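Trainee: Got a predicted structure plus its sequence, pasted below:
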Amino acid sequence: MADREERRFAEISRESVKFMAESTGVELGDDVAGLLAEDVCYRLREATQSSSQFMRHAKRRKLTVEDFNRALHWSNVEAICGYGAQDTLPFRSAKEGELFFIEDRDINLVELALATNIPKGCAETMVRVNVSYMDGKGNLEPQGTVPSAVQSLSDDLLKYYQQITRAILGEDPHLMKVALLDLQSNAKIAALLPYFVYVISGVKSVSHDLEQLNRLLHMVKSLVQNPYLYLGSYIRSLVSSVMYCILEPLAASINPLNDHWTLRDYAALLLSHIFWTHGDLVSGLYHQILVSLQKVLSDPVRPLCSHYGAVVGLHALGWKAVERVLFPHLPAYWANLQAVLDDYSVSNAQVKADGHKVYGAILVAVERLLKMKALSLSQQSDGGSSGQTGFAGGSICYRVSSPGLSPPPEPLSEATLGIASHLQAGGAGCPLEEWTPVPLPAMYCELYSFFGDSLAVRFSTGPGFSSYSALKSSQLSDARKEPPGPTSNPDTTRKMPQLTANLNISPRHDGSPRTDPTPPSLAATGSGRSLTRSCSSSSSVQRSRSSSRSGQRSAGLSRDVFPKARFTSSQTGPPAFSFLIGGRQMGLRCQGRRPFQTNFAPTPPLSAVPPRAYAHKLPVIGRVGKPVRRWACSHYSLHLPL
Amino acid sequence: FRAVPDDGGLVDADEDKDIKTEASNDSWGNNNANDGRLLSPSPGSSASAGSNKSAAGASEEQQTLLAVLQFLRKNKLTESVEILRREAGLPEDSLEPKGADSLLSRVTASSTAGAQAPTKVAAGEDQPDVNVVLSAYSQQGDPALYEVYYSGLKRFIESVLDCHRAELSQVFYPLFVHMYLELVYNNHESEAKAFFEKFSGDQECYYEDDLRVLSSLTKKEHMRGNETLLDFRTSKFVLRISRDSYQLLKRHLQERQNNQIWNIIQEHLYIDIFDGMPRSKSQIDAMSGSLAGEAKREANKAKVYYGLLKEPEIELPLDDEDEEAENEEGKPKKKKPKKDSLGSKSKKQDPNAPSQNRIPLPELKDSDKLDKIMYMKEATKRIRLGPDNLPSICFYSFLNAYQGLTAVDFTDDSSLIAGGFADSTVRVWSVTPKKLRKVKSAADLNLIDKESDDVLERIMDEKTASESKILCGHSGPVYGISFSPDRNYLLSSSEDGTVRLWSLQTFTCLVGYKGHNYPVWDTQFSPHGYYFVSGGHDRVARLWATDHYQPLRMFSGHLADVTCTRFHPNSNYVATGSSDRTIRLWDVLNGNCVRIFTGHKGPIHALAFSPNGKFLASGATDGRVLLWDIGHGLMVGELKGHTDTIYSLRFSRDGEILASGSMDNTVRLWDATKAFDDLETDDFTAATGHIHLQDNSQELLLGTYMTKSTPVIHLHFTRRNLLLAAGAYNP
């Protein structure tokens, strides 16, 4: 009989029956054992059959010991106790002889009772609701996502989590490196993501400890780089942690010995990295970041280190962000900065040093802005043969930008360039709101009015091409052969304080450039001031139109602690510019002296802060993962339409 | 043996009635007479031997003995008569109509009647029960010949015309089972095994489960107590065969003198003969699959009042609140005509509806009226669903339900959700911000000012407010729960054999209804409250009233567990699904079974009436949803798509959409309007019940919605047609 249905049925051989009998001290004949075996088999099948009914009604797929016991119970057989464990029992064979047994380990009850890791009780059974399908169509939330709160972690994961966090936040740098590397490449940690994000959001509580902050940022970097992780909406949380490091006046910043600048630089770098790799995960993220950076920048109450963070952050987001936010804001900000830099009192020394930091950061940012703008123009117009490539050839090496003022943040310079080149390619991918760019020459003109020679100098010189692989080699060589500008780098360093002094007296006239890209030939200005002045003022008007903050800027030239703005001129006539740039820098490159002439039409005024950025904040009903307490409340809205 | 009018058993007297009526349609009687002659030589002796064993004792046995003697004498087996009489110690004149005249006259009368193709149905009703004595399988031929018989029939059926083959093939399965059982019963174990080996592969795949049970059974002792087999013996397997096919079969068997098979056909099979074209294979397959074959046509002929009851007249208060709300929305006038239209609709008496007081229904209380008004208000805001306008689905996930969620129910207004668990608890949650509160204790209640306006609010104990309550009392998994329509009570049925009634005011158990004594798989309140139905492992569905501790009706007839129970919207009928793979509809008034639906190939776990009461949808472990026309007693649709057991079915409030939830972690939506519109309702179909199903599941499927490892075990449409689904997340 065994050969017939052995695939389907439990069979108990007559030998087994005999063994059993022997173990209880009964001797059985062959025929009796055979009969018994057959009967046992049948009863077994019968019980299995009826136990499956209990399984079906319990709406399970898995037959449990309990089901079987219930079947036994209803056929008046005593239940079999001791097999109710959830996990499968290991069925082992003894090496000697054909013996099979169920492994039954001894348990040390004393140990169990005195154990310190008392198992937590089961979480309470609860009901959660989520709108799975709106109007029969899937909603935006991924279907059937499990609320992270109840996602149970396996022991292994929990251990991993503990080890990793301990390693990263611990003392051993080598261990940290290993942990970060693993975090970067481990494919199985998706379940832990919320926990890591939570840990990272702890930046606020360790703002006194630069080292810890750094480690947390490294953790962010590793998570972001892990190709197996889908960050989803956690990106928001990560970004807010990073932004915290960039912008907030950290407790660590109080002590000037702490190099929080490097942290900010690194965080900014990280921000750009997150944005360029995961920016598409959350809509409106870019605008949100821009808005928050702008807010910080335009808030005079904030300390300079925050401003520095904002500038660095904008810089990291690419030249378009700089053009968009920093550049229009510069005139207003400049006054504030100027005031700080002008104060030579001893008590102001520290603030002044900070001010120089900001100054340097702004300089770097606008330089790249100019450079990239020129590059984009040149690429737009007539390729590499045009004479404008020289703009692109300049250096924006960070080292040069803030000479002597702070230790050079190494990682930033190169990475920033990388990001910048990325931006060029992907710039179209994140279309900004309706916004009119200020033409390059006007921009240069204005910037020059602030930075004077230091801008011009560094604009045209420098060794750093490393990242501009996009440029043709011929252009590169061109640029290299180009004679260095009349001033050299050490010159700049010397000059900067001097320049500010000049500016102090007469911001524009005295700072007139030695090299002569400007003054530009200017047409159609409504004011009777000098050419240079009107140039800058008119462009400032254009800017003030382009931003909604024109009101703030009309505060006059008061020299308070942080004057609001310094430009008061109001232009009436429609600004129509015609620039003719024919300076040496241009001429040097052109085959022949071909003047570069551009006409700029008046630009339509800009709309204010885009309202769309907040669109995602609209309430979403039935979202998963809300705390239990709020469940009922959140459901009120859900219940109403029932 | 046919010559002696038999009774299939005490249990199914009515089935025999059916046979008799059938006999009158068909010239059955003559055949029987012939058969009697044909069969008497060989099995006669064994029969008498069998009866000898049990001849001692009771007068009932003596009566049957007399019947046997009568039979033998009628067949001119005088020697046997003498021997038997002597052995039983009966006086010689006992066969004369002196001692047992009433009995014997009846026997003779009916036997002669049978021989003359009569119409004596009434006379046949209380016949001595010969077959109980002559145990069903005791007669036997040569065990070695069983294979020959069977394969002979097989050859024959394979050689007949195509149009008859499908019909005649239906005979295979019941024949196979009965022959196998005969072999087992008569202790021919090895032959039985060989027989099973040889022919089990030929059977239709949907009998696989039964064959598995069968194959494990190889000893006579095992047959005792095996319920599946009991079913086979006590009930006749019903086949529907056209007259032509039947004649073919009969002629063949008679020519071959294949008595063994002919015997089985007569003893254990009920052949429902119809005039007309033989059915096709697909038609047969659609209807077969149940444990006991198809339903007899007669079984579905009774009139069913499937219409809805007239809604009670409730004067809709045009209260200020309502008006204000409407004014706010800027369309104050629109509501009135709507209400009127609703009212007029309910005023018309549906010709198919039962009379209003066919079964007594509880009076509406004030609170019920308020609820009805709420319902109507909500109904005006209901979303009209359709293929282009699918419902939104909200999923209620039970989290941390490690103990095992076994049943879920929502209140009609979707304000409460209850879950039954395998750890024998019932938990109730409030889905609204309104928390669940208990009524204060008796002592505290005494302190309350009973005259105050807000007395209903004052009786509640604010301290007990919580989002969920646990009801403990059962001692086994809770397999079915149901809220009362007024939301004051909750029913739960459990493995411990009881149904419990819980108060949702005090959150305590009020009554334990005992009667099933075996696991109770399902229970449901009547849509009008007060009554409820339960069904369980004892194969009986019971109708209860909440204020009676004993059932009011017992619906017995299923051959296996009653797995799910549903009330018809008019509360006059109850539908039960069973593991015997049939669905039965019972009349609450008289307890009669008025419909038997066959066609599922697995135990039925979900039932749903359409809101208009005309249709029934059923879902089973085979993953198919079948649609039934209650009035005509026909299968009208088959919805294929699910890959696992369907645990929940629900029609949208207006009946346009059917939602099905399954173990395969999906919710599917089906176009119910279209499924019922496409009905072919010609007279022939209605008369014969031979449906032609198009395979249009894909057209009717409107959407498939996945959950993540969460089996869908309950579905509910809110009053505004939002679909709520529930299940336990199983990581």
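Mentor: Cool, got the structure. Numbering: from 1, shown residues only, chains lettered A, B, ... in the order given.

Trainee: quick one: the helices in the stretch 451-600 of chain B?
Mentor: In the stretch 451-600 of chain B, helices defined by DSSP state H, counting those that start in this stretch lie at B:455-458, listed in chain order.

Trainee: Check B:S414 and give its pLDDT.
Mentor: The per-residue pLDDT reported for B:S414 equals 90.

Trainee: And A:K320, its phi and psi?
Mentor: phi -70, psi -40 (degrees, to the nearest 10).

Trainee: roughly how far apart are it and A:F327?
Mentor: Taken as Cβ to Cβ, to the nearest Å, the spacing of A:K320 relative to A:F327 amounts to 10 Å. Every residue, glycine included, has its C-beta placed from N, CA and C.

Trainee: try A:M219
Mentor: In this structure, A:M219 and A:F327 are 34 Å apart, going by Cβ to Cβ.

Trainee: ok so, going back, if you count what's nearby, which of A:K320 and A:F327 comes out ahead?
Mentor: Set side by side, A:K320 and A:F327 show unequal neighbour counts under other Cβ atoms under 10 Å in any protein chain shown, the larger going to A:F327 at 26 against 22.

Trainee: Can you list the neighbours in contact with the helix or strand hosting A:K159?
Mentor: When secondary structure is defined using DSSP states H and E, the element that contains A:K159 is helix A:155-169. With contacts defined as Cβ atoms under 8 Å, 6 or more residues apart in numbering or on different chains, helix A:155-169 is touched by A:153, A:175-176, A:178-180, A:182-183, A:188-189, A:191-192, A:195-196, A:199, A:212, A:215-216, A:218-219.

Trainee: Please identify which helix or strand holds B:T704.
Mentor: Secondary structure from DSSP H and E places B:T704 in strand B:701-706.

Trainee: now A:A21
Mentor: Going by DSSP H and E, A:A21 is part of helix A:14-23.

Trainee: how far is stretch B:389-399 from where the chain is centred?
Mentor: 30 Å (Cα atoms, centre = their mean, to the nearest Å).

Trainee: Using CSV, write out the CA atom coordinates for it.
Mentor: Backbone C-alpha positions of stretch B:389-399 (Å, rounded to 0.1, in the frame of the first residue of the first chain) are rendered in CSV as follows:
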residue,chain,number,x,y,z
ASN,B,389,-17.1,55.5,-12.1
LEU,B,390,-15.4,53.0,-9.8
PRO,B,391,-15.6,53.4,-6.1
SER,B,392,-12.7,54.5,-4.0
ILE,B,393,-11.4,51.8,-1.7
CYS,B,394,-10.3,52.3,1.8
PHE,B,395,-8.5,49.5,3.4
TYR,B,396,-8.7,48.8,7.1
SER,B,397,-5.6,46.9,8.0
PHE,B,398,-5.5,45.0,11.3
LEU,B,399,-2.1,45.5,12.6
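
Trainee: I'd like the average pLDDT over it.
Mentor: Over the span of stretch B:389-399, the pLDDT mean works out to 88.

Trainee: Do that stretch and chain A come into contact?
Mentor: Yes: Stretch B:389-399 comes into contact with chain A (Cβ under 8 Å from any Cβ of the partner chain), by way of B:389-399.

Trainee: Strands of chain A, start to end?
Mentor: Chain-ordered strands for chain A, with DSSP state E as the definition, fall at A:91-94, A:99-102, A:126-134, A:137-138, A:577-581, A:596-600.

Trainee: The third one packs against which elements?
Mentor: Under the contact definition 3 or more Cβ pairs under 8 Å, 6 or more residues apart in numbering or on different chains; DSSP states H and E, strand A:126-134 sits against helix A:628-639, strand B:393-399, strand B:701-706.

Trainee: hmm, 7 Å instead?
Mentor: Where contact means 3 or more Cβ pairs under 7 Å, 6 or more residues apart in numbering or on different chains; DSSP states H and E, strand A:126-134 is packed against helix A:628-639, strand B:393-399.

Trainee: partner strands of that strand, parallel or antiparallel?
Mentor: Strand A:126-134 has the following strand partners under DSSP bridges: strand A:137-138 (antiparallel), strand B:393-399 (antiparallel).

Trainee: What's the first helix or strand after the longest one?
Mentor: This points to strand B:393-399. Once strand B:393-399 ends, the next helix or strand along the chain (criterion: DSSP H and E) is strand B:405-410.

Trainee: For that next one, which outside residues touch it?
Mentor: A:57-59, B:398, B:417-422, B:477-483, B:713-714, B:716, B:724, B:726, B:728 (Cβ atoms under 7 Å, 6 or more residues apart in numbering or on different chains).

Trainee: One more: stretch A:190-200?
Mentor: Contacts made with stretch A:190-200 from outside it, assessed by Cβ under 7 Å, 6+ apart, are listed as A:148, A:151, A:153, A:157, A:161, A:165, A:216, A:219-220, A:223, A:229, A:234, A:237-238, A:241.

Trainee: which of those count as buried?
Mentor: If you count burial by 16 or more other Cβ atoms under 10 Å in any protein chain shown, the buried members of the contacts of stretch A:190-200 come out as A:151, A:157, A:161, A:165, A:216, A:219-220, A:223, A:229, A:234, A:238, A:241.

Trainee: Distance check, the residue of the stretch 201-350 of chain B found nearest chain A against B:P143.
Mentor: When scored by Cβ to the nearest Cβ, the stretch 201-350 of chain B has B:S216 as its residue closest to chain A, at 4.3 Å. If you measure B:S216 against B:P143 using Cβ to Cβ, the figure is 20 Å.

Trainee: care to break the chain down by domain?
Mentor: Looking at chain A here, since you left the chain open. A:14-86, A:155-496+A:621-632 (automatic domain parsing).

Trainee: Actually, chain B is the one I wanted.
Mentor: Domain ranges of chain B: B:140-300, B:393-728, per the TED database.

Trainee: hmm, back to that, can you dump the C-alpha atoms of the helix holding A:K159 in CSV for me?
Mentor: In CSV, the C-alpha atoms belonging to helix A:155-169 read as follows (Å, rounded to 0.1, in the frame of the first residue of the first chain):
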residue,chain,number,x,y,z
ASP,A,155,17.0,40.4,15.1
ASP,A,156,19.7,40.5,12.5
LEU,A,157,18.6,43.9,11.3
LEU,A,158,18.4,45.2,14.8
LYS,A,159,21.9,44.0,15.5
TYR,A,160,23.1,45.5,12.3
TYR,A,161,21.5,48.8,13.2
GLN,A,162,23.1,48.9,16.6
GLN,A,163,26.5,48.0,15.3
ILE,A,164,26.4,50.5,12.5
THR,A,165,25.3,53.4,14.6
ARG,A,166,27.8,52.5,17.3
ALA,A,167,30.6,52.4,14.8
ILE,A,168,29.7,55.6,13.1
LEU,A,169,29.1,57.6,16.2
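
Trainee: residues of that helix that come out buried?
Mentor: Counting neighbours by 16+ other Cβ under 10 Å, the buried set in helix A:155-169 is A:157, A:160-161, A:164-165, A:167-169.

Trainee: of all those, which comes closest to B:Y150?
Mentor: Set against B:Y150, the nearest of the buried residues of helix A:155-169 by Cβ to Cβ is A:L157 (60.7 Å).

Trainee: So the nearest residue to A:H208 once chain neighbours are set aside versus B:E457, what's the distance?
Mentor: In this structure, A:H208 finds its nearest non-sequential neighbour in A:A251, 3.9 Å apart by Cβ to Cβ, 6 or more residues apart in numbering or on different chains. Relative to B:E457, A:A251 is positioned 53 Å away (criterion: Cβ to Cβ).

Trainee: Look at the two and report which has more neighbours.
Mentor: Just comparing A:A251 and B:E457: by other Cβ under 10 Å the higher neighbour count belongs to A:A251, 14 against 10.
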